[in-house]
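# sharing a sequence plus its predicted fold:
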Amino acid sequence: MFKSNLLHYILGYSLSFLLGCTLCNFLFIYFDLNMVLSSSLVGLVGSLAFFKNKEAQAAIFCGSFAGMSDPNLFYDWTELLVISFAGGLILFFLRKKLIGLGGKLGAVAFSSLLSLLLFRGVFK
């Protein structure tokens, strides 16, 4: 039972992270909004859509931080999935750490983008 709950939480964080990242990039590319406005809109919509689930709100907002990076950084969906899975894993393991400290979501977004660079270095 523990393994299914663990997988459930990690997939939930990863999918929320993926949603925030893709929505932020989508708003920037197709609606020509700047990155900060795109991220704040994604965070607002995510907080309203998931008003009962604080962890999903944080994962969506964190994904929007990762989505603020250059859209040319992602070559294909595989890399976006790597970023989202890494971000979901990091959020899961830090969910009860760094409580009350600012910058946790930004640091997780940066770490997930750093994992993409490591992924490229190892597999390509």
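Cool, got the structure.
# quick check: phi and psi on F74?
F74 adopts backbone torsions of phi -90, psi 120, taken as degrees, to the nearest 10.
# quick one: pLDDT of the nearest residue to it once chain neighbours are set aside?
Counting by C-beta to C-beta, 6 or more residues apart in numbering, F74 lies nearest to L80, which is 5.1 Å off, once chain neighbours are set aside. The C-beta positions use only the backbone N, C-alpha and C, and glycine is treated the same way. L80 carries a pLDDT value of 89.
# host element of L80?
helix 77-93 (DSSP states H and E).
# give me the contact list for that helix.
9-18, 21-22, 55, 58-59, 62-63, 66, 74, 108-109, 111-113, 115-116, 119-120 (C-beta atoms under 8 Å, 6 or more residues apart in numbering).
# pretty sure V36 contacts M68?
Yes: checked against C-beta atoms under 8 Å, the pair V36 and M68 is within contact range at 7.4 Å.
# higher neighbour count, those two?
M68 (21 against 11; other C-beta atoms under 10 Å).
# what's the separation between the more buried one and G106?
10 Å (C-beta to C-beta, to the nearest Å).
# cool, L41 as well?
L41 is 18 Å from G106, by C-beta to C-beta.
# give me the pLDDT value at F119.
At F119, the pLDDT value in this model is 85.
# neighbours of it, just the number please.
Per other C-beta under 10 Å, the neighbour tally for F119 reads 15.
# what helix or strand does the residue nearest the centre of the chain sit in?
Centroid-nearest residue in the chain: G63, 2.3 Å away (criterion: C-alpha atoms, centre = their mean). Using DSSP H and E, G63 falls within helix 54-67.
# L33 too?
Using DSSP H and E, no helix or strand contains L33.
# got a list of what it touches?
Contacts of L33 (C-beta under 8 Å, 6+ apart): L27, L41.
# for L33, see how far away S14 is.
Taking C-beta to C-beta, one finds S14 at 25 Å from L33.
# could you do G121 as well?
Applying C-beta to C-beta to G121 and L33 gives a distance of 32 Å.
# with S16 instead?
Separation of S16 from L33 (C-beta to C-beta) stands at 21 Å.
# again, but for V108
Distance of V108 to L33, computed by C-beta to C-beta: 23 Å.
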